[in-house]
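Participant: have a look; sequence and predicted model below, questions after that.
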Amino acid sequence: MYSFSTRSGFLNQCKSARAIPRLQRQCRVQNVFIGRRLNHSVASEVPTPTAVTKVEKIILDNIKATGPLSFATYMQLCLAHPTHGYYMNPSHPVFGTSGDFITSIWFVSQWANAGKPSSVRLVELGPGRGTLMADILRTISKFGLSQSLTGVHLIETSQALRSVQEQLGSSPHHGSVKLHWYNSITEIPRSPSEYTILVAHEFFDALPIHVLQKKETGWHEVLVASTEELRQTSPSPSTKDTDTKNESSTQEHPETTPGPRLRRVLSPQPSAASMLLGHSSTRFDKLPVGSFIEVSPTSFRIAHQVGRLLAAKPPPSDIPGRSRSLPQDEAEVVEKGEKGEEVGVGGCGLIIDYGGANVFGDSFRAFKQHQIVDPFHQPGECDITANVDFAYLKEAMAGLVSTHGPLTQSSFLDRMGLPIRVDALLRGAPSEERRKVIQDAANRLVDLNGMGKEYKVFGITSTASDADAEVEVYPFIREQEPVQEPVKEEKPEKNL
């Protein structure tokens, strides 16, 4: 999403917005648009290996000691290793200058609909350099909401980025605010007296996933293994069968042909974890044998906590399936914390990310130096992401809050008044050239062949009534199909 709060902020985004194709195997595909990775293009070939990175050495040592790793562990080490993870290095171009005036307007409207509670707190998951939160603070200051603001709560594990985010504490655009940092959303207490506004922009797509394949014997996990044994000996038939997606020619000429040091393998038997995850949604049970799915229990747990933070009523202890993807000890902590809690003012939230209301099987991809690269290329030096299953997030919040969408970015922006905002910017543009830049950028944001379709917006609201009741909130409304008049059949005239 892009900033519409100022003309200069909007135009800076216009200059850099570009489309890139989606990653498929060997990086050859069609149609994905990058937000925080705006200037990336597609690698025509999988890069040849370079020197072993620090994270890669840790991964290879772990594989050598304990065997293949899950994709979730691989992602955690690549992105969030305390000293060598990609997100721990502020020099990596992970976070762009993003923000959204129109998103902020939606927050203001929900606060107004709730009766303008006198105490408001802002929560952001993965704030990066703080540019989105800065834009939200600047916008809400124009509508009186900032006078009710009690603090800004940021979920950020990188100390380097926390230092960058400190600038949010004071600004001539929104005044001074009190900042709070947390390593996990579970550290933020439920506050019934405060209206909570939460935003997560390109956060869930970076959370660890498990990759599973459905076989006749159940759900098997796809793991990350080393190619070292392939370079030493010719692959056996059983190895070929388990190497589900490695298309490198290393298998044919392991001694002479350069190739990745890591590969995908399929576990020979289902594990307790793979069976649990494979049955964590009834949607997965309907998939045919041979299907691959990407499942993120971390996303489920965080979405569940988001629902608890935004819920007006204390969450009941008998929500069906609520502990399905929560570890037993964490589920017990959640239950204990809910006892005796009072009814609160609730809150609202937006999750903006790539994905859809369905499970994905092969969306795992990596970015390096403005290119989409092999996910096993230079671990720790590449940004890694996977599409978000919004239906899974909705299941995690069931019984806690009302969820809306996901809606395409195009529909969200159009319904929230993007054309009106663009018209105002066009009228204030000093030249025809500048007007063209503004119009072209706006068109890209809602282009259904690109960003307008690939980005999804998922809304969350609390309600004082039954949280399971279906409540429509603008702009997350169903478009009614036009009613067609029944066609009257004309009876053929009888021959006299």
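Facilitator: Great, that's in hand.

Participant: residue 474: what's it in contact with?
Facilitator: 109, 415 (CB atoms under 8 Å, 6 or more residues apart in numbering). C-beta: built from backbone N, CA, C; applies to glycine.

Participant: tell me the backbone dihedrals of it, please.
Facilitator: phi -70, psi 140 (degrees, to the nearest 10).

Participant: residue 361 too?
Facilitator: Torsion angles, degrees, to the nearest 10, at residue 361: phi -120, psi -20.

Participant: start at 55 instead
Facilitator: Got it, first residue is 55 now, which makes that one residue 415.

Participant: if we ignore the residues flanking it in sequence, what's nearest it?
Facilitator: residue 346 (3.6 Å; CB to CB, 6 or more residues apart in numbering).

Participant: hang on, residue 454 in a helix?
Facilitator: No: according to DSSP: H, G, I helix; E, B strand; the rest coil, residue 454 belongs to no helix; its state is coil.

Participant: secondary structure element holding residue 490?
Facilitator: helix 486-499 (DSSP states H and E).

Participant: tell me which residues in that helix are buried?
Facilitator: For helix 486-499, the buried set under the neighbour-count rule, 16 or more other CB atoms under 10 Å, comprises 488-489, 491-493, 495-496, 498-499.

Participant: and after it, which helix or strand comes next?
Facilitator: As the chain continues past helix 486-499, the following element, by DSSP H and E, is helix 505-508.

Participant: show me what that next one is packed up against.
Facilitator: Other elements packing on helix 505-508 under the criterion 3 or more CB pairs under 8 Å, 6 or more residues apart in numbering; DSSP states H and E are strand 86-87, helix 463-469, helix 486-499.

Participant: least confident secondary structure element in this protein?
Facilitator: In the chain, no helix or strand scores lower on mean pLDDT, DSSP states H and E than strand 73-74, which sits at a mean of 30.

Participant: not counting stretch 109-129 itself, show me its contacts.
Facilitator: 106, 131-132, 135, 138-139, 260-265, 275-280, 282, 315-316, 319, 321, 327, 348, 350-352, 418, 432-435, 438.

Participant: I figured residue 333 was touching residue 273, is that so?
Facilitator: Yes: Residue 333 is within contact range of residue 273, at 7.5 Å (criterion: CB atoms under 8 Å).

Participant: and the closest residue to residue 451 other than its chain neighbours, what pLDDT?
Facilitator: Among residues not flanking residue 451 along the chain, residue 361 sits closest, at 3.6 Å (CB to CB, 6+ apart). For residue 361, the model assigns a pLDDT of 96.

Participant: and residue 361, what helix or strand is that in?
Facilitator: Judged by DSSP H and E, residue 361 forms part of helix 351-364.

Participant: send me that helix as CSV with only the CA atoms.
Facilitator: The C-alpha coordinates for helix 351-364 follow below in CSV (Å, rounded to 0.1, in the frame of the first residue of the first chain):
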residue,chain,number,x,y,z
PRO,A,351,0.9,-22.7,12.9
THR,A,352,2.8,-19.5,13.9
SER,A,353,0.4,-17.5,11.8
PHE,A,354,-2.6,-19.3,13.4
ARG,A,355,-1.3,-18.5,16.9
ILE,A,356,-0.6,-14.9,16.2
ALA,A,357,-4.0,-14.4,14.5
HIS,A,358,-5.6,-16.0,17.5
GLN,A,359,-3.9,-13.5,19.8
VAL,A,360,-4.9,-10.6,17.4
GLY,A,361,-8.5,-11.8,17.9
ARG,A,362,-8.1,-11.7,21.7
LEU,A,363,-6.6,-8.2,21.7
LEU,A,364,-9.4,-6.8,19.5
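
Participant: which strands and helices sit next to that helix?
Facilitator: Counting by 3+ CB pairs under 8 Å, 6+ apart, helix 351-364 packs on strand 174-179, strand 249-255, helix 382-392, strand 401-410, helix 444-451, strand 509-515.

Participant: who's in contact with that helix?
Facilitator: 126, 177, 179, 239-240, 242, 244, 250, 252, 254, 258, 261-262, 264, 331, 334, 369, 376, 378-380, 384, 388, 392, 400-403, 442-443, 446-447, 449-451, 454-455, 514-516.

Participant: mark which of those are buried, thanks.
Facilitator: For those, buried by 16+ other CB under 10 Å: 126, 177, 179, 239-240, 242, 244, 250, 252, 254, 258, 261-262, 264, 331, 334, 369, 376, 378-380, 388, 400-403, 442-443, 446-447, 449-451, 454-455, 514-516.

Participant: on that earlier part again, kindly reformat the buried residues of helix 486-499 as a markdown table containing pLDDT.
Facilitator: Listed next are the buried residues of helix 486-499 as a markdown table, based on pLDDT from 0 to 100:
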| residue | pLDDT |
| --- | --- |
| 488 | 91 |
| 489 | 89 |
| 491 | 89 |
| 492 | 86 |
| 493 | 89 |
| 495 | 83 |
| 496 | 85 |
| 498 | 84 |
| 499 | 82 |
